[in-house]
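Asker: sequence and predicted model, in that order:
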Amino acid sequence: MYNTVTETINILLVEDDPAAQRLVERILNDKSESTKYNLEIAESLAIAEKSLQKNRFDNILLDLGLPDSSGIDTVRSIRKVNSDTPIIVLSAQADKEISTQAIHEGADYYIVKGSFLREMLTRTIHCSIERRICERRQGQQPNTTYRMDDETHKDVEQQKETIHADKNISTSITSKFELEGILQSLRKDHLAIFDSIPASVWYRDRNGNILRANKCAAESVGIPVKEVIGKNYYDLFKDGADFAREKDAQVIDSGEGLFGQLREFKTSQGQVRWAIVDRIPYRNHNDEIEGVIVFAQDITERKLAEDQLKLAKEELEDITSQLEISIERANLLAQAATVADQAKSEFMANMSHEIRTPMNSIMGFSDILADEDLTEEQHNYIKTIQNSASNLLELINDILDFSKIEAGQLDTEIIKTSLTEILDDVRDSMSVLAGNKDIEFAVNCESEVPAFVLTDPHRLRQCLANLVGNAIKFTEKGHVHVNTSLVETATGHIIRFDVEDTGIGISAEKRDIIFEPFSQADNGTTRKYGGTGLGLSITKKIAGILGGKVVFMSEPGEGSVFSLTIPAGVDVDAEPTCNSNDISETELPRGPENDKARFEGKVLIVDDDTTSRLLLDVVLKRVGLQVENVDSAGKALEIAAAEDFDLILMDLRMPDMSGFEAVDMFKKKEIAVPIIAVTAEVNETIESDCLEAGFDAYLPKPILRKELYDIIAKHLPSSKPAASVS
């Protein structure tokens, strides 16, 4: 890609005539794309002097007829203020004496305003600047006033007459002596300027015969200047002859110039070049049109750069277009992925709800039947149903959690968490399983362990439940112990949970795959103990999310120790310590007790699932409560407005409105009664969502009677403590 370099020239125009100001400004703005002219206008000598004192200019264009100064005095005044900047006098008079005096007093050029001002002005500006640079290099003083004796002055006058008579010059220009201080011929100066113009200049008559050409023009055809004079231009450039002849005739006939035409031509070596071509009429001393003057500025490099720039721009636009298409596709894919994730999440939530709802009935009614006076064989049947239901529920939970982890949708909430409560929950939830297998189960906590840590309580509880559940599953006799300790590391304190069992152990060759999804020690283990092989994989990934890890040691036939570590996240010295006595006794009861709590009050059940309503109806009536049930939120609002209830148990998913909408309606109708959310929706935020929406408590399905009675006990009077019920 090429960059176009733009030259900037700062010019001071000292001119009081608005029309002349506009003309100069238009000429400078139209002439070149590669040069930028910054034009400052001063309408009087006083303003010009102030501008020269404040700012630096590359050229001064000076009119001699100003409101506060006129004639040669104007040049003298400017030179007193600034001796270095080139001065080009713009005069309406072709006066030889005045032009000579102006040059003598310090002007660089004297240009007569007229029809050729447009063609000569910018070239003269550039020449004056270049000359000043050369003078500095030669050590000359640019403000030196050359002394002329009478003879020299006479020669100058003769040269000036020659210039004015020469029909090749269409503008009167008077210049001071050139570089070496031996400028004796203004004609030579003009010819030097003419040949130094970096563009081809052709003077040709009405028939195309070349009257004059500069060095650049001759080089374009590979012929010396002297030899090119007299040749026919149209014969030299036959490929473009018709076009050139047509445009030359147009200028000659109209008397008007043609500017800015882009032309392609071939050099004598056959190279293709491009030029910007300007044509103006060529007039003799009687102002008669004798031919054309053609300026051809070679812009091949610029044209190639522009073509490259255009090509690069097109390529960039193509790349941008492709990028936009790619971005659009990526956005569509992202949207599709989001929709797919949402659909997956909704599917998993729906599947969880649809499975947990019948599981609620299976586990609930089997739990009720277990309290009945049955034969031993019937109790065994019930126990089998309960175990199968528990295994199925565990399987569902594992699959849901694994899907969330794989999708990166497993949410965590790091808060200050009571280790005592976590360990107590593990003890309560796992003691029945251990008791049913006649296994000793103990939960211990060393005295230096802080009572509180910063972690996600739900996920920590899940990890411990998975590890303890696995230990109990693979242990037929002996014990399962949970030992909690504080460990100091280089990065801070960590909490370590060692789950120790006397189970079957893990062989050395199987240890590398034990944390892989859907993997167990061997197929025989899967057939004998069941399970998906997801528990340890889920536990390890959750531990990593919490900033910890899971490792293990095992000996086949002797047992295993799985160690879960998490950051303490607190100043352990500032926290109270955990005490094993605060958690539980190490020997725990086996199986549920048959004592039942008794409550007083009237309860409304709101659930569209018939079996769920029936289960709650039976469970609540067994503890002495009055019960009514409806299958929609709308009916619940009607009956609650007409009757007094002490407690409402409400499902979240109902056909007419959700439980969230219903609890909001209860608030608006000012029905003041505790409402418990009972739902098969289980995720990280559902409990907090329910409490924020206005529910007084949250109860997940499948419903455990102890959890139900614990919640009821907080809102209704009871004759026996709920803790005695299981």
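Answerer: Happy to help now that I have it. Numbers count the residues shown, from 1 in each chain.
Asker: C-alpha only now, for contacts and for neighbours.
Answerer: Fine.
Asker: any idea how far Thr484 is from Thr565?
Answerer: 10 Å (Cα to Cα, to the nearest Å).
Asker: which one of these two has more residues nearby?
Answerer: Thr484 (25 against 22; other Cα atoms under 10 Å).
Asker: so what sits against both of Thr565 and Thr484?
Answerer: Ile495, Arg496, Phe497 (Cα atoms under 8 Å, 6 or more residues apart in numbering).
Asker: restricted to helices, list those.
Answerer: Within those, no residue falls in helices by DSSP state H.
Asker: among the residues you listed, who's most crowded?
Answerer: Within the shared contacts of Thr565 and Thr484, neighbour counts (other Cα under 10 Å) peak at Phe497, which reaches 23 neighbours.
Asker: show me where pLDDT drops low in the stretch 151-300 of the chain?
Answerer: 151-191, 267-269 (pLDDT under 70).
Asker: that one: strands as residue ranges?
Answerer: 200-205, 210-213, 258-266, 272-283, 289-298 (DSSP state E, counting those that start in this stretch).
Asker: partner strands of the third one, parallel or antiparallel?
Answerer: What that stands for is strand 258-266. strand 272-283 (antiparallel) (DSSP bridges).
Asker: any idea how far the partner strand is from the middle of the chain?
Answerer: 51 Å (Cα atoms, centre = their mean, to the nearest Å).
Asker: contacts for that strand next, please.
Answerer: 167-168, 170, 203, 248, 251-252, 255-267, 289-300, 303.
Asker: show me which of these are buried.
Answerer: Among the contacts of strand 272-283, those classed as buried by 16 or more other Cα atoms under 10 Å are 168, 170, 203, 248, 251-252, 255, 257-258, 260, 263, 289-299.
Asker: in CSV, list the shared contacts of Thr565 and Thr484 along with distance to Val272 and pLDDT.
Answerer: Output for the shared contacts of Thr565 and Thr484, formatted as CSV (distance: Cα to Cα, whole Å; pLDDT from 0 to 100):
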residue, distance to Val272, pLDDT
Ile495, 82, 94
Arg496, 83, 95
Phe497, 85, 96
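Asker: just the ones in strands from those residues, please.
Answerer: Ile495, Arg496, Phe497 (DSSP state E).
Asker: just the helices in the stretch 301-450 of the chain please.
Answerer: Secondary structure of the stretch 301-450 of the chain (DSSP state H, counting those that start in this stretch): helices located at 376-406, 419-436.
Asker: closest one to Ile514 among those?
Answerer: Nearest to Ile514 among the helices of the stretch 301-450 of the chain is helix 376-406 (15.6 Å), distances taken as Cα to Cα.
Asker: buried sites along the closest one?
Answerer: Here helix 376-406 shows 379, 382-383, 385-386, 389, 392-405 as buried, counting by 16+ other Cα under 10 Å.
Asker: ok, back up a step: among the strands of the stretch 151-300 of the chain, which is nearest Glu219?
Answerer: strand 200-205 (8.7 Å).
Asker: neighbouring strands of that closest one in the sheet, and parallel or not?
Answerer: Strand pairing (DSSP bridges) places strand 200-205 next to strand 210-213 (antiparallel), strand 289-298 (antiparallel).
Asker: who touches the first one?
Answerer: Contacts with strand 210-213, where a contact means Cα under 8 Å, 6+ apart, come from 168, 200-205, 225, 228-233.
Asker: please indicate which of these are buried?
Answerer: Among the contacts of strand 210-213, the ones that count as buried by 16+ other Cα under 10 Å are Asn168, Ser200, Val201, Trp202, Tyr203, Arg204, Asp205, Val225, Val228, Ile229, Asn232, Tyr233.
Asker: now, which of these sits nearest Thr100?
Answerer: Closest to Thr100 out of the buried ones among the contacts of strand 210-213 is Asn168 (21.1 Å), distances taken as Cα to Cα.
Asker: distance to Asn82 added to the contacts of strand 210-213, as CSV?
Answerer: Supplementary listing: the contacts of strand 210-213 in CSV, determined by distance: Cα to Cα, whole Å:
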residue, distance to Asn82
Asn168, 34
Ser200, 35
Val201, 34
Trp202, 37
Tyr203, 38
Arg204, 42
Asp205, 44
Val225, 40
Val228, 44
Ile229, 43
Gly230, 46
Lys231, 48
Asn232, 48
Tyr233, 46
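Asker: tell me the one of those nearest Lys635?
Answerer: Ser200 (99.1 Å).
Asker: which strand residues sit across from that closest one in the sheet?
Answerer: On the basis of DSSP bridges, Ser200 is bridged to Ala296.
Asker: Leu615 against Met363, yeah?
Answerer: No - look at Leu615 against Met363 with Cα atoms under 8 Å: they stay out of range, at 10.0 Å.
Asker: more crowded one of the two?
Answerer: Met363 (25 against 18).
Asker: list the residues that contact that one.
Answerer: Contacts of Met363 by Cα under 8 Å, 6+ apart are Ile385, Gln386, Ala389, Ser390, Pro702.
Asker: ok, and the closest non-adjacent residue to the fourth one?
Answerer: In this case it means Ser390. With Cα to Cα, 6 or more residues apart in numbering as the criterion, Ser390 has its nearest non-adjacent residue at 7.9 Å, and that residue is Met363.
Asker: how far away is that neighbour from Gln462?
Answerer: 21 Å.
Asker: one step back: nearest to Leu604, of the strands of the stretch 151-300 of the chain?
Answerer: Shortest distance between Leu604 and the strands of the stretch 151-300 of the chain, using Cα to Cα, is found for strand 258-266: 92.4 Å.
Asker: CA atoms only: put the closest one into PDB for me.
Answerer: What follows is strand 258-266, C-alpha atoms only, in PDB (Å, rounded to 0.1, in the frame of the first residue of the first chain):
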ATOM      1  CA  LEU A 258      -8.800  22.600 -20.600                       C
ATOM      2  CA  PHE A 259      -7.500  21.400 -17.200                       C
ATOM      3  CA  GLY A 260      -7.000  18.200 -15.300                       C
ATOM      4  CA  GLN A 261      -7.400  15.600 -18.100                       C
ATOM      5  CA  LEU A 262      -5.900  12.200 -17.200                       C
ATOM      6  CA  ARG A 263      -4.100  10.700 -20.200                       C
ATOM      7  CA  GLU A 264      -2.200   7.400 -20.700                       C
ATOM      8  CA  PHE A 265       0.800   7.400 -23.100                       C
ATOM      9  CA  LYS A 266       3.800   5.400 -24.100                       C
END
